[in-house]
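**Student:** just a sequence and a predicted model for now, questions to come.
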Amino acid sequence: MGRGRAKAKQTKVARELKYSTHATDFDALQRELSGDSGDATRRGDERYDETPD
């Protein structure tokens with residue numbers, strides 16, 4: 001009991017994701033997947049420097 005409302009919300013969200021159109025930045029996606037060293041990569045490297053705190 002009580003599952004009907006949650007299931008209805010999940011169905012609504014799934015339907016919105018399936019049928020809505022989203023503006024996708026394919027250039028940014030390609031840069032991220034290809035591993036180009038951009039600003040985000042350099043910031044990530046700073047977290048893993050080898051000097052102990």
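**Tutor:** Arrived safely, thanks for sending. Numbers count the residues shown, from 1 in each chain.
**Student:** distance of His22 from Gln10?
**Tutor:** From His22 across to Gln10, the span is 19 Å (Cβ to Cβ, to the nearest Å). In short, each C-beta sits where N, CA and C put it, glycine included.
**Student:** please identify which of these two sits among more neighbours.
**Tutor:** Legend: neighbour count by other Cβ atoms under 10 Å for His22 and Gln10, higher for Gln10 (10 against 5).
**Student:** could you point out which element follows the biggest helix by length in the chain?
**Tutor:** Longest helix in the chain, counting residues (DSSP state H): helix 3-19. The helix or strand immediately downstream of helix 3-19 is helix 26-34, counting by DSSP states H and E.
**Student:** sketch out the low-pLDDT regions of this structure for me.
**Tutor:** 1, 36-53 (pLDDT under 70).
**Student:** could you redo the last one with a cut-off of 90?
**Tutor:** Where the chain drops to pLDDT under 90, the residues are 1-3, 17, 19-25, 29, 35-53.
**Student:** next one: Asp27 relative to Thr21, how far apart?
**Tutor:** The value you get for Asp27 to Thr21, if Cβ to Cβ is used, is 18 Å.
**Student:** quick one: which of these two has more around it?
**Tutor:** Asp27 (8 against 5).
**Student:** distance of that one relative to Leu17?
**Tutor:** Relative to Leu17, Asp27 is positioned 23 Å away (Cβ to Cβ).
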